[in-house]
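1. Give me coordinates for this.
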Amino acid sequence: MSKKTGVISFIIILLGAFFLVFFEMKKEGFHEDEIYSITSSISEVWKTGLLQKNVDEVPVWKTKEEVLSKLIKNENNHSTLVDVYQNQVADVHPPFFYFCSHFFLLMFSNLVFHAIFLLNLVFYFLVNWILILILKKMKKEKAIIPTLLFYDFSIVMLNTFTFQRMYGMLTFFGLSYFYLNLKIAMDDFAISKKTAILLFLTTLFGFLTQYFFVIYALVLFVIQMLHMFKQKKNASAFWYFLIHVGAALFGLLLFPSSISHILFGGRGVGSFLNLHYFDRLRTFFRIILENMNVSWYIIFVLLGYSFYRHHDHVQQLLLIPIFVYFFLIVQIVPFLEIRYIMMIMPLLMLSFVLVLSDEIHPNFAIGVVICLSILGIIWHEPQFLYSSYSDAKKASETYHDYSMVLVTDNTFTYLKEVPEMIQYQKTIVINLNHDEMKYLEDDVNIKEEGSFVLRFESYLNGSDILEQLATMGYEVKEKLFENQEQVGYVMEVRNA
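-> Numbers count the residues shown, from 1 in each chain. Coordinates of the predicted model:
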């Protein structure tokens, strides 16, 4: 890589990091899974539950100190890596991301809601580094600048690294796995000791980060093996196979619960029974458009044309796993969200840039990706900023001396209200589906304090909630806010 390209690449990556941090600072709220990332990385979730009670128990008030002890390590929280491991045994994900998050939460306990973002920021730089290595190995230096511009100023990059989950890490391991296979293929299938070790570790840690890694790796593995046999590289094929078997066995030994997660978990083999495939496919095509700002049929036409013209092994390694992974993921994921295809998006964007750069001109590619990035930011907003949550945060800061009644309809999604729960003196979670409103009627805490903050999500039947409270002797004192996501009131005891 020339010095000029290196300097420009460094500037792009650095500006992209500032771009990313700027949007992270605009982040107001959190997905419930992001709060789960924190609690399951730093507290004994497997022993004590998250913040919820058991279904058959009476709801109880939680002080802000009790809630905070689920977010940071203190005298009330003595969790260790063993607890982090046990948390994931009880859940549906492998533990490596949570181990890393554990250390970042310890190091940045004063930035509890941004500590995992700092971990993601590390992987932002690593992803860029791997993209450069891939293009250098492909001898496509002229495509480095447009590829970095396209990815580092895209909505998908912002979504990947502002979402405080394992998908930034997964993206790194997916790209690393592709790079190592590319290196093996372009080195005439010679596997050095260093490459063997890196391939073993990448496969192992990719598996221990997210099970979806296995789908992508398996497709790429099959293509590589077939080509080795075709080229009569039997010795290389043997060692290549052995590396993967060793990584798989070691991964299962380190985390045997992965077997039950994959075979019997809600995100495992049973997910292939999901219905309405073509409706799901249309949704994911729309997601690609929102995150890459390029219509799916343009992508398919351009990449199909490139695959037809350059039908070599490198093209097979690059494109076939992307599309097989995509069309399988559409079927098996529990939610139709960008997170499940974040891993393949940098390679999809790289492939798109290569078509423009090789078939037309590198400068044309630069012009196109700059336009796409600008239009993407104008037309679309990053998914995980939750700007509407600012109303709830401001209310919790203003009424921090109050207790909060949080009405929900499940035992998990209310976790996104944790930033409020550490502001109010106490919080009680009331689940409508468990008929728990009745427990508020004679609540001693409310009777003593005379008023409380009522919070619920806007999709719930607010009129019904207020009506039930009215029959218990509570009335609206003040409406704090109402937006497309949340509603807040100050309630008081009638005649108090």
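2. Mind jotting down where the strands sit in the stretch 51-200 of the chain?
-> Taking DSSP state E, counting those that start in this stretch, the strands of the stretch 51-200 of the chain run over residues 62-63.
3. so where do the helices sit in it?
-> Secondary structure of the stretch 51-200 of the chain (DSSP state H, counting those that start in this stretch): helices located at 64-68, 81-89, 96-107, 115-137, 144-152, 155-162, 167-186, 193-207.
4. mind saving the C-alpha coords of the last one as PDB?
-> Once non-C-alpha atoms are left out, helix 193-207 reads as follows in PDB (Å, rounded to 0.1, in the frame of the first residue of the first chain):
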ATOM      1  CA  LYS A 193       2.000 -22.400  11.200                       C
ATOM      2  CA  LYS A 194       1.000 -18.800  11.900                       C
ATOM      3  CA  THR A 195      -2.000 -19.000   9.600                       C
ATOM      4  CA  ALA A 196      -3.100 -22.300  11.100                       C
ATOM      5  CA  ILE A 197      -3.000 -20.800  14.600                       C
ATOM      6  CA  LEU A 198      -4.900 -17.600  13.600                       C
ATOM      7  CA  LEU A 199      -7.500 -19.700  11.700                       C
ATOM      8  CA  PHE A 200      -8.000 -21.900  14.800                       C
ATOM      9  CA  LEU A 201      -8.400 -18.900  17.100                       C
ATOM     10  CA  THR A 202     -10.600 -17.000  14.700                       C
ATOM     11  CA  THR A 203     -12.900 -20.000  14.300                       C
ATOM     12  CA  LEU A 204     -13.000 -20.700  18.000                       C
ATOM     13  CA  PHE A 205     -13.700 -17.100  19.100                       C
ATOM     14  CA  GLY A 206     -16.100 -16.500  16.300                       C
ATOM     15  CA  PHE A 207     -18.100 -19.500  17.500                       C
END
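5. what's it in contact with?
-> Applying CB atoms under 8 Å, 6 or more residues apart in numbering, the contact partners of helix 193-207 are 94, 96, 170, 173-174, 176-177, 180-181, 183-184, 191, 213-214, 217, 239-240, 243-244, 246-248, 250-251, 258. In this view, the C-beta of every residue, glycine as well, is placed from N, C-alpha and C.
6. what angle separates the helix or strand just after it from helix 167-186?
-> Going down the chain from helix 193-207, the next helix or strand is helix 212-230, by DSSP states H and E. Here helix 212-230 points in a direction 0 degrees away from that of helix 167-186 (axes from the mean of the first three to the mean of the last three CA atoms, to 10 degrees).
7. what packs against the helix or strand following helix 212-230?
-> Per DSSP H and E, the first helix or strand lying C-terminal to helix 212-230 is helix 234-254. With contacts defined as 3 or more CB pairs under 8 Å, 6 or more residues apart in numbering; DSSP states H and E, helix 234-254 has these neighbours: helix 193-207, helix 212-230, helix 257-264.
8. which one of these lies closest to V487?
-> Between V487 and the helices and strands packed on helix 234-254, the tightest spacing by CB to CB is seen for helix 212-230, at 35.6 Å.
9. hey, where'd the helices end up in the stretch 251-400 of the chain?
-> 257-264, 277-292, 296-309, 313-332, 345-359, 362-379, 390-398.
10. mean confidence score for the fourth one?
-> Okay, so that is helix 313-332. On average, the pLDDT along helix 313-332 is 93.
11. Output the contacting helices and strands for it.
-> Secondary elements touching helix 313-332 (3+ CB pairs under 8 Å, 6+ apart): helix 167-186, helix 212-230, helix 277-292, helix 296-309, helix 345-359.
12. Tabulate these (CSV), appending mean pLDDT and mean neighbour count.
-> Putting the helices and strands packed on helix 313-332 into CSV (pLDDT from 0 to 100; neighbours: other CB atoms under 10 Å) gives the following:
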stretch, mean pLDDT, mean neighbour count
helix 167-186, 97, 24
helix 212-230, 96, 18
helix 277-292, 93, 16
helix 296-309, 80, 14
helix 345-359, 91, 23
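13. Same list (these) but as JSON lines, adding distance to E475.
-> What follows is the helices and strands packed on helix 313-332, written out as JSON lines (distance: least, CB to CB, whole Å):
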{"stretch": "helix 167-186", "distance to E475": "45"}
{"stretch": "helix 212-230", "distance to E475": "50"}
{"stretch": "helix 277-292", "distance to E475": "43"}
{"stretch": "helix 296-309", "distance to E475": "53"}
{"stretch": "helix 345-359", "distance to E475": "51"}
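14. And the ones you listed: which comes nearest S403?
-> That would be, of the helices and strands packed on helix 313-332 and by CB to CB, helix 167-186, which comes in at 36.0 Å.
15. residues of stretch 116-123 that come out buried?
-> By neighbour count on 16 or more other CB atoms under 10 Å, the buried set for stretch 116-123 is 116-121, 123.
16. now stretch 364-384
-> Within stretch 364-384, the residues scored as buried using 16+ other CB under 10 Å are 365-366, 368-369, 372-373, 376-377, 380, 382-384.
17. closest to L328 out of the helices and strands packed on helix 234-254?
-> Short answer: helix 212-230, nearest of the helices and strands packed on helix 234-254 by CB to CB, at 5.8 Å.
18. what distance separates that closest one from the middle of the whole chain?
-> A distance of 25 Å separates the centroid of the chain from that of helix 212-230, by CA atoms, centre = their mean, to the nearest Å.
19. what angle separates it from helix 234-254?
-> 160 degrees.
20. And the pLDDT for the closest residue to I259 other than its chain neighbours?
-> Nearest residue to I259, sequence neighbours excluded (CB to CB, 6 or more residues apart in numbering): L252, at 6.6 Å. According to the prediction, L252 has pLDDT 97.
21. Give me the mean pLDDT for stretch 384-396.
-> 95.
22. residues touching F452, list them.
-> So F452 contacts 402-405, 446, 490-492 (CB under 8 Å, 6+ apart).
23. Pull up the gap between the closest residue to it other than its chain neighbours and S396, please.
-> Distances taken as CB to CB, 6+ apart put S403 closest to F452, at 5.0 Å, once the chain neighbours are dropped. Here the distance between S403 and S396 works out to 11 Å (CB to CB, to the nearest Å).
24. Which neighbours do those two have in common?
-> Shared contacts of S403 and S396, counting by CB under 8 Å, 6+ apart, come down to 424, 453.
25. Just checking, which helix or strand of the chain averages the lowest pLDDT?
-> helix 45-48 (a mean of 61; mean pLDDT, DSSP states H and E).
26. will you turn the helices and strands packed on helix 234-254 into TSV that also has distance to R280?
-> What follows is those, written out as TSV (distance: least, CB to CB, whole Å):
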stretch	distance to R280
helix 193-207	25
helix 212-230	16
helix 257-264	21
